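**Q** sharing a model prediction with you, sequence too.
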Amino acid sequence: MHSSLKNPEDCCSMAEVRAGVDQTDKDLFALLTRRFAFMRAAARIKEDRSAVRDEERKAEVIRAIVDAAQEAGLPANAIGAIWNDLVETSIAYEMDEWDRLRR
């Protein structure tokens, strides 16, 4: 955690909560940027465009995050839906990158 931010359980004001949420959003964006860089790498590595969509892998990724959400006491179905959107967006991005690299 960033040194100037409080842990959620230590927050005593909405300003502290909002600072934590804002920093978390920045951190999430940095992680998404990294995830999409891996999608570019996958597009570069995969020789066949049909390999971009892997339903078995997609189900595995979503199942793992839903299980983790359940264990953490978070809304697993909602997080599963978010991850489904993330994976679908990642697949679309990878397909676009696959096409772009082979023009």
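**A** Sure thing, it's come through.

**Q** would you mark the buried spots in stretch 37-57?
**A** 39-40, 42-43, 46, 52 (16 or more other Cβ atoms under 10 Å). C-beta: built from backbone N, CA, C; applies to glycine.

**Q** those in helices, which ones?
**A** 39-40, 42-43 (DSSP state H).

**Q** export the residues you listed to JSON lines and tack on distance to Val87?
**A** What follows is these, written out as JSON lines (distance: Cβ to Cβ, whole Å):
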{"residue": "Met39", "distance to Val87": "10"}
{"residue": "Arg40", "distance to Val87": "16"}
{"residue": "Ala42", "distance to Val87": "12"}
{"residue": "Ala43", "distance to Val87": "15"}
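
**Q** closest to Met95 among those residues?
**A** Nearest to Met95 out of those is Ala43 (Cβ to Cβ; 7.7 Å).

**Q** how near is the residue of the chain positioned farthest from its centre to Ala19?
**A** Taking Cα atoms, centre = their mean as the measure, the residue most remote from the mean C-alpha position of the chain is Cys12, 29.4 Å away. Using Cβ to Cβ, to the nearest Å, we find Cys12 at a distance of 12 Å from Ala19.
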